[in-house]
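> With the sequence up front, the predicted model follows.
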Amino acid sequence: MSDPFHCLPWQVDWFVPELEHRKYEKAFREDADYSERVRLYFGDMHKHTNLSPCARVHPYNQSPAESYAHARDVAKTDFLALCDHAERLTDTQWRECMTLARETTRPGQFVAWPAVEWATGLYGHRNLYYRDCGAPLLSGRTLPSPARLWRHLRAENIPGLTIPHHAARELPADLTRTDEDLEPAYEIFSGWGNEEYHGAPMQDTDRSFTRNFAVDTLLRGFHLGFVAGGDGHPAPPADSGITGIYASELTLPALWEALRQRRTIATTGARIRLDFHVNGFPIGSILRFNQHQVGQLFPLRIGVAVQGTSPIERCEIVENGVTIHTKTKPRARLDQMAYQWFRHSGPTDGVRRIGSAGNVSRFLYVRVTQRDGHMAWTSPIWLDYQVEEEGEQQP
Ligand SMILES: [Zn+2]
Ligand SMILES: [Zn+2]
């Protein structure tokens, strides 16, 4: 199958329950040439240890080694990113952190993801996720703006990805700009609550006041996937916010590359498994198309599969911030569902104009709510329509 949109469908291994299996086949496999096998790995993307001053005032006060042991042996997660405050770490502490991460990682079993929290008073907080354990400590002291940080990563050829967090509450992350290549995701849920949109469940609305919620940011045209992490100074890893990453294997480079491609789901802490595609293209895909390619994409063929941890209250497809389809299973005690749904609309119907010349952008993602209150989100899939000027058309 030709791939005009430069991303390839995948096959997941987790959705096998007999009851829904046939539906899953229909929703996902019937008409696609699956070229990649991925597995879903879970971990906390944002944990502080007793190296962070803010963690010391809370009763839950683990060292980095204890945090890794808890994530691996108690929470039984696949990876953990410790994100202590860069501005408070000494070079010696950083070297020790990197040594510990290198020694703790066992490919195929557990990944200790080298990371750090970058923060300034003016631009808020972003976490920085490295691809290797030899990375230098970068902080807001010497790189006091996100733009300076991104420029430095490029200039020094340091593989690092940034993710803003608590963007819509006190100490908001500055989201007037992003970096398409170096910033793949938005932390949609953490111990601070739900930042999907203003007024969302599990949100302290008194403290959430900006226009920087996930949906606001996506409506600005940013291509950000979703992750979750505890940021829970008082909580153990994987307790209040967890990220699922679709990666080819459980290694640091594979997780990092999958994050770069926004192949993530986010949950409120329960290990809800979620898969989603549009026309065979997986979570995180950006489909850029012009007027000559419309016929290849529409109507949109949307596939969804959920394996919950308790009965599913509802499963919703969200387009540009608006719920366009809801599926419930009122009579069943089902904690799983799989289905296909067609979005019948034209390439520009009801979507937002971005930029000039009739260019519009559409993002779709899936939101799941369980009866026990736990929620999960897929990263979006984008459809960016760009009208090609006459005479520019490629053969
Ligand atoms: Zn922070
Ligand atoms: Zn933090």
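Great, that's in hand. Ligands and ions are numbered 1, 2, ... in the order given.
> where's the residue of the chain found nearest ligand 2, which helix or strand?
With C-beta to the ion as the measure, D231 is the residue of the chain nearest to ligand 2, at 4.3 Å. Heads up, the C-betas are built off the backbone N, CA and C, glycines and all. Counting by DSSP states H and E, there is no helix or strand that carries D231.
> Do I have it right that it meets D44?
No - counting by C-beta atoms under 8 Å, D231 stays clear of D44, with 9.2 Å between them.
> Compare the two (neighbour count), which wins?
Each of D231 and D44 has its neighbours counted (other C-beta atoms under 10 Å); D44 has more, 33 against 25.
> Show me which residues of the stretch 101-250 of the chain are close to ligand 2?
The interface of the stretch 101-250 of the chain toward ligand 2, taken as C-beta under 5 Å from the ion, is made up of E117, D231.
> Flag the shaky bits of the stretch 101-250 of the chain, pLDDT-wise.
By pLDDT under 70, the low-scoring segments of the stretch 101-250 of the chain are 209, 232-236, 238.
> quick one: the strands in the stretch 201-350 of the chain?
225-228, 242-247, 264-267, 273-278, 281-282, 286-289, 300-307, 312-319, 322-327, 336-343 (DSSP state E, counting those that start in this stretch).
> Turn those into CSV, columns for mean neighbour count.
Output for these, formatted as CSV (neighbours: other C-beta atoms under 10 Å):
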stretch, mean neighbour count
strand 225-228, 30
strand 242-247, 27
strand 264-267, 28
strand 273-278, 24
strand 281-282, 26
strand 286-289, 18
strand 300-307, 23
strand 312-319, 20
strand 322-327, 13
strand 336-343, 18
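> mind checking which of the ones you listed is nearest L40?
strand 242-247 (5.0 Å; C-beta to C-beta).
> The closest one to strand 273-278, inter-axis angle?
Using axes from the mean of the first three to the mean of the last three C-alpha atoms, to 10 degrees, the inter-axis angle of strand 242-247 relative to strand 273-278 is 60 degrees.
> Strand 242-247 pairs with which strands, and in what direction?
strand 36-47 (antiparallel), strand 264-267 (antiparallel) (DSSP bridges).
> Contacts made by it with the rest, please.
10, 12, 38-45, 77, 79, 227-229, 254-255, 257-259, 263-271, 273-274, 282-283 (C-beta atoms under 8 Å, 6 or more residues apart in numbering).
> quick one: contacts for A185?
For A185, the contacting residues are L161, I163, L224, G225, F226, V227, L259, R262, T264, S379, by C-beta under 8 Å, 6+ apart.
> Please identify the nearest residue in space to it, excluding sequence neighbours.
In space, and not counting its chain neighbours, A185 is closest to G225: 4.3 Å by C-beta to C-beta, 6 or more residues apart in numbering.
> what's the distance between that neighbour and Q62?
G225 sits 28 Å away from Q62, going by C-beta to C-beta, to the nearest Å.
> Can you get me a residue count around L297?
18.
> ok, now which ones touch it?
Contact analysis of L297 by C-beta under 8 Å, 6+ apart lists N279, L287, F289, P347, L383.
> Can I get the residues you listed in a markdown table including distance to S145 and pLDDT?
Listed next are the contacts of L297 as a markdown table, based on distance: C-beta to C-beta, whole Å; pLDDT from 0 to 100:
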| residue | distance to S145 | pLDDT |
| --- | --- | --- |
| N279 | 39 | 85 |
| L287 | 32 | 89 |
| F289 | 34 | 86 |
| P347 | 37 | 71 |
| L383 | 32 | 90 |
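> and the two most separated of those residues?
Of all pairs drawn from the contacts of L297, the greatest distance, 12.7 Å, lies between N279 and P347 (C-beta to C-beta).
> ok so, going back, what residues are shared contacts of D231 and D44?
G241.
> Can you give me the neighbour number for R362?
The burial count for R362: 24, using other C-beta under 10 Å.
> likewise C83?
Residues near C83, counting by other C-beta under 10 Å: 28.
> Give me the pLDDT value at it.
At C83, the pLDDT value in this model is 95.
> Same check on I354?
For I354, the predicted pLDDT is 58.
> Ok, Q370 next?
95.
> thinking it is in contact with R271, fair?
No - in this structure, Q370 is not within contact of R271 by C-beta under 8 Å, at 11.4 Å.
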